[in-house]
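**Student:** coordinates only, no sequence provided:
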């Protein structure tokens, strides 16, 4: 997901980046409950018919599925927020709250766009610090982000340099 809110002029904006999380944790829990109900129904039917080992493997399978869904949901819940003002660039990354944060002078911040075999890589660079942004976006969203960043850089050069 890509959300861009314009700032005081064309050179400023607030950009919120998030991976596609169509189901969310609530949807993943609903899916898990349906799979668990079917799996446990089959396992208990197997126990009744004299195969108790099926119940153990069914439980282990459900445990593995739970942890996999939890890991995917957590990975899809991350956010990157980039705020560009006339004098500052703020980058925040995290899941529910900012876990890492950078504050740089706008004048000394570069936008680097690289073509990679997986697609485009966008980096914000200030001195020796480099932050990769939007690595989880789709190609279409990355293209839109690159276009908007180029517009912002051109406007910044026009207004402030």
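**Tutor:** Now that the structure is in, tell me what you want to look at. Being a predicted model, the structure only gives us computed values, none of them experimental. Numbers count the residues shown, from 1 in each chain.
**Student:** quick check: mean pLDDT of the strand or helix carrying residue 83?
**Tutor:** For residue 83, the enclosing helix or strand under DSSP states H and E is strand 79-84. The pLDDT scores in strand 79-84 average 94.
**Student:** show residues contacting the helix or strand just after it.
**Tutor:** Per DSSP H and E, strand 79-84 leads on to strand 88-94 as the next helix or strand towards the C-terminus. Applying C-beta atoms under 8 Å, 6 or more residues apart in numbering, the contact partners of strand 88-94 are 78-83, 98-106, 109, 124, 126, 131, 133. C-betas here are computed from N, CA, C, even on glycine.
**Student:** before we move on, what about stretch 33-42?
**Tutor:** So stretch 33-42 is contacted by 54, 58, 61, 62, 65 (C-beta under 8 Å, 6+ apart).
**Student:** at 10 Å instead, please
**Tutor:** Contact with stretch 33-42 is made by 54, 55, 57, 58, 59, 61, 62, 65, 66, 69, as judged by C-beta atoms under 10 Å, 6 or more residues apart in numbering.
**Student:** mind checking how far residue 150 is from residue 12?
**Tutor:** Using C-beta to C-beta, to the nearest Å, residue 150 is found at 15 Å from residue 12.
**Student:** could you chop this structure up by domain?
**Tutor:** If you go by automatic domain parsing, the domain ranges for the chain are 2-19+79-160, 24-76.
**Student:** so what's residue 146 closest to, chain neighbours aside?
**Tutor:** residue 113 (5.7 Å; C-beta to C-beta, 6 or more residues apart in numbering).
**Student:** bridged to the one you found, which residues?
**Tutor:** residue 122 (DSSP bridges).
**Student:** which residues does it contact?
**Tutor:** Neighbours of residue 113 in contact, by C-beta under 10 Å, 6+ apart: 120, 121, 122, 123, 142, 145, 146, 149, 150.
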